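Asks: Using only what follows, build the 3D model:
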Amino acid sequence: MNPTRLTELSESLRTSGLSALALNAGPSLVYLTGLHFHLSERPVVAIFTADSEPVIVLPELEVLKVTGMSVRAFPYPENPAEWDSVFRRAVQSLGLDGKRIGVEPRAMRLLEFRYIEAAVGATGRRPEFLDASDAISRLRVHKDADEIAAMRKAVAVAQSALEATLPFLKIGMNEKEIAGELVIQLLRHGSQSEMPFAPIVSAGPNSANPHAVPSERKLQPGDLLVVDWGACVDGYISDLTRTFAVGEVDEEWRKIHQIVLEANAAGRAAAKPGAPCANVDKAARDVIEKAGYGAYFTHRTGHGIGMEGHEEPYMRGDNMQPLEPGMAFTVEPGIYLSGRNGVRIEDNVVIMEDGAECLSDMPRELRVLG
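Replies: Residues are numbered from 1 along each chain as shown. Predicted coordinates for the structure are as follows:
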């Protein structure tokens, strides 16, 4: 358990008017407790209140994970018929009937939710389940020095891995082969095996799809090659993108790469303490729109990073949330010309007390491969 984070959670629950927070296995549970569980057919739920020791319902085979921790464990046996009664004892030990219970809608599975719902409503006093995303994000959005150090390492691992992959690239390799080699290099250079996402490797027409899946398409002269990849170190991730030229490319592709390069620089320059997230998006988008390609920049400029690949804060044009020290996020403008080629350049930035630090420094200029 992390006492400081649990104290901050208690304050956040009071501010949000919540009686409790129920979490299943996932990043927020790791953040608060350090406990790692896989999502499986066996439910795991931890419940936190402002004033009581947390409780956790878990399989008997996992109980050693919580031995000696400041948590009340309610283990259940293999027989699913006995699980309801264990959940009921755990939930009722906190007196939550009819109370306001927060959950994370993007993380809470129906499996765990149904057990909690049945247990809390067992006396007939129906609980109220509310979105606790804000209560959690208020804690996780501000990274401390250790978290930033882990992300800095994740960036270094990712950059080293791609640099080690590039010499293997040649005309005729397909996107899947490149992605496979990159995964091998990520592991060799120190990434945890559970990476933030599967690398995106897309060339030519496929590069115009921001979330393309690596295919059997082979590299061809004149392609732009987009590589979007990341590493995970100590539970924290990096998320980067670079675009390369496969041999000599048309002047138009060099032009749009230069535009995106300038948009990336403008977005990073706009990232300052106190500035709204919208300013980062606007700075990058203005460059692309003024160059006449605004219709081809089809997504927000960035998203928060930390224990997950997408979390608060989001660099959107309508998001007036002010940037504060400890916030970490991507700056990733792009231009996507359907059926032809695409460009994206993505960096990882963290807001500091006196400015912003770009964690990534791999060359952004158009590098020619082959």
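
Asks: Wait, residue 352 touches residue 327, no?
Replies: No - with contacts counted by CB atoms under 8 Å, residue 352 stays clear of residue 327, the gap being 9.8 Å. C-beta: built from backbone N, CA, C; applies to glycine.

Asks: which of these two has more neighbours?
Replies: Neighbour tally, residue 352 and residue 327, criterion other CB atoms under 10 Å: the higher count belongs to residue 327, 24 against 14.

Asks: so how many other residues sit close to residue 339?
Replies: 8.

Asks: Tell me the spatial nearest neighbour of it, not counting adjacent residues.
Replies: Among residues not flanking residue 339 along the chain, residue 205 sits closest, at 5.2 Å (CB to CB, 6 or more residues apart in numbering).

Asks: tell me the contacts of the one you found?
Replies: 338-341 (CB atoms under 8 Å, 6 or more residues apart in numbering).

Asks: Report pLDDT for it.
Replies: Looking at residue 205, its pLDDT stands at 98.

Asks: quick one: it is in a strand?
Replies: No - counting by DSSP: H, G, I helix; E, B strand; the rest coil, residue 205 is not part of a strand but helix.

Asks: For it, give its distance to residue 237.
Replies: 29 Å (CB to CB, to the nearest Å).

Asks: Likewise for residue 270?
Replies: For residue 270, the distance to residue 237 - CB to CB - is 23 Å.

Asks: In terms of neighbours, single out the busier of those two.
Replies: residue 237 (27 against 23).

Asks: How much space separates the more buried one from residue 281?
Replies: 21 Å.

Asks: same question, residue 9
Replies: 30 Å.

Asks: Residue 236 too?
Replies: Using CB to CB, we find residue 236 at a distance of 24 Å from residue 281.

Asks: remind me which residues of the stretch 101-250 of the chain are low pLDDT?
Replies: Where the stretch 101-250 of the chain drops to pLDDT under 70, the residues are 122-124.

Asks: Please, where are all the helices along it?
Replies: With DSSP state H, counting those that start in this stretch as the criterion, the stretch 101-250 of the chain has helices at 110-120, 133-140, 145-165, 175-188.

Asks: quick one: which of those helices is nearest residue 214?
Replies: When the helices of the stretch 101-250 of the chain are compared by CB to CB, helix 175-188 sits nearest residue 214, at 3.9 Å.

Asks: show me the contacts for residue 291.
Replies: Counted by CB under 8 Å, 6+ apart, residue 291 has contacts residue 259.

Asks: and the closest residue to residue 341 other than its chain neighbours, how many neighbours?
Replies: Closest residue in space to residue 341, ignoring its immediate chain neighbours: residue 224 at 4.3 Å, by CB to CB, 6+ apart. If you count neighbours by other CB under 10 Å, residue 224 ends up with 28.

Asks: go on, residue 230?
Replies: Counted with other CB under 10 Å, residue 230 comes out at 26.

Asks: okay but it is in contact with residue 236, surely?
Replies: No - between residue 230 and residue 236 there is no contact under CB under 8 Å: 10.4 Å.

Asks: Need the overlap of contacts for the two.
Replies: residue 154.

Asks: Does residue 366 touch residue 254 like I think?
Replies: Yes - the pair residue 366 / residue 254 is scored as a contact, 6.2 Å apart, by CB under 8 Å.

Asks: Which of the two has more residues huddled nearby?
Replies: Using other CB under 10 Å as the criterion, residue 366 and residue 254 rank with residue 366 on top: 20 against 15.

Asks: Tell me how far the more buried one lies from residue 341.
Replies: On the measure of CB to CB, residue 366 and residue 341 end up 12 Å apart.

Asks: same deal with residue 194?
Replies: 32 Å.

Asks: which one of those two has more residues nearby?
Replies: residue 341 (28 against 10).

Asks: Next up, phi/psi of the more buried one, please.
Replies: Main-chain torsions, residue 341, degrees, to the nearest 10: phi -150, psi 160.

Asks: so who does it touch?
Replies: Residues near residue 341 by CB under 8 Å, 6+ apart: 204-205, 207-208, 223-224, 253, 256.

Asks: And the pLDDT for it?
Replies: 97.

Asks: Specify the beta-bridge partners of it.
Replies: On the basis of DSSP bridges, residue 341 is bridged to residue 337.

Asks: how far away is it from residue 241?
Replies: Between residue 341 and residue 241 the distance is 14 Å, computed by CB to CB.

Asks: how does this protein divide into domains?
Replies: 3-139, 143-369 (automatic domain parsing).

Asks: which of these sits most buried?
Replies: Mean neighbour count (mean count of other CB atoms under 10 Å) peaks for domain 143-369 among those, with a mean of 19.

Asks: Show me how far it is from its chain's centre.
Replies: 13 Å (CA atoms, centre = their mean, to the nearest Å).

Asks: Name the residues linked to the residue nearest to residue 341 by a beta bridge.
Replies: residue 245.

Asks: and it, what does it touch?
Replies: Neighbours of residue 224 in contact, by CB under 8 Å, 6+ apart: 203-204, 207, 243-246, 249, 253, 257, 341-343.
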